[in-house]
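Trainee: Here is the input, now give the coordinates:
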Amino acid sequence: MEERARRIVETAIELAEKGGFEAVRLRDVAAHSGVALGTLYRHFRSKEELLLGALADQIAQLERLLESMPTLGPTPLQRVTTLFTMATRAMCLRPMLARAVIAFIYGAFWPSPEVHAEAAANLIFRFKSFGHKSRNMCAKN
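Mentor: You can find the predicted model right below:
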């Protein structure tokens with residue numbers, strides 16, 4: 001991600017941490033990140049796209065953390081449980097950001113329960129290989 005776009009995303013995360021989804025206003029993000037509003041719109045066409053960028057940043061951080069860790073557990077259930085425990089702890093450290101991301105995901109971005117279920121399944125599939133020597137979290141031992 002380009003340096004300006006990263007700065008914009010980091011600013012959006014800071015604002016979300018302070019006031020949740022409602023506190024992320026594009027004009028405020030641009031002002032606090034030191035870019036013109038037009039520059040922000042060149043990188044992110046909407047508030048939703050910006051919050052999606054913030055979510056992608058958080059997922060990338062989690063991926064880097066998981067890649068640096070040893071085995072998360074000997075069984076698929078233990079590995080998945082550990083993954084969700086880690087994600088929950090991370091959200092608890094930044095509760096307003098977590099609320100903003102969750103509100104965005106479940107309110108604005110995925111309009112139906114079917115899409116929610118598919119998104120959750122995709123997230124689990126994406127992380128299934130982390131934290132296990134075989135690189136397949138769901139593999140049987």
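Trainee: so who does Phe104 touch?
Mentor: By Cβ atoms under 8 Å, 6 or more residues apart in numbering, the residues touching Phe104 are Phe21, Glu48, Leu51, Leu52, Leu55. C-betas here are computed from N, CA, C, even on glycine.
Trainee: same thing but at 7 Å, please
Mentor: Contacts for Phe104 (Cβ atoms under 7 Å, 6 or more residues apart in numbering) come out as Phe21, Glu48, Leu51.
Trainee: of all these, which comes closest to Glu2?
Mentor: Of all these, the one sitting nearest Glu2 is Leu51; the distance, using Cβ to Cβ, is 17.9 Å.
Trainee: Past the helix or strand containing that closest one, which element shows up next along the chain?
Mentor: Per DSSP states H and E, Leu51 falls inside helix 47-67. Counting by DSSP H and E, the element after helix 47-67 in chain order, helix or strand, is helix 76-93.
Trainee: can you give me how far that following helix is from the chain middle?
Mentor: In terms of Cα atoms, centre = their mean, to the nearest Å, the gap separating the centre of helix 76-93 from the centre of its chain is 14 Å.
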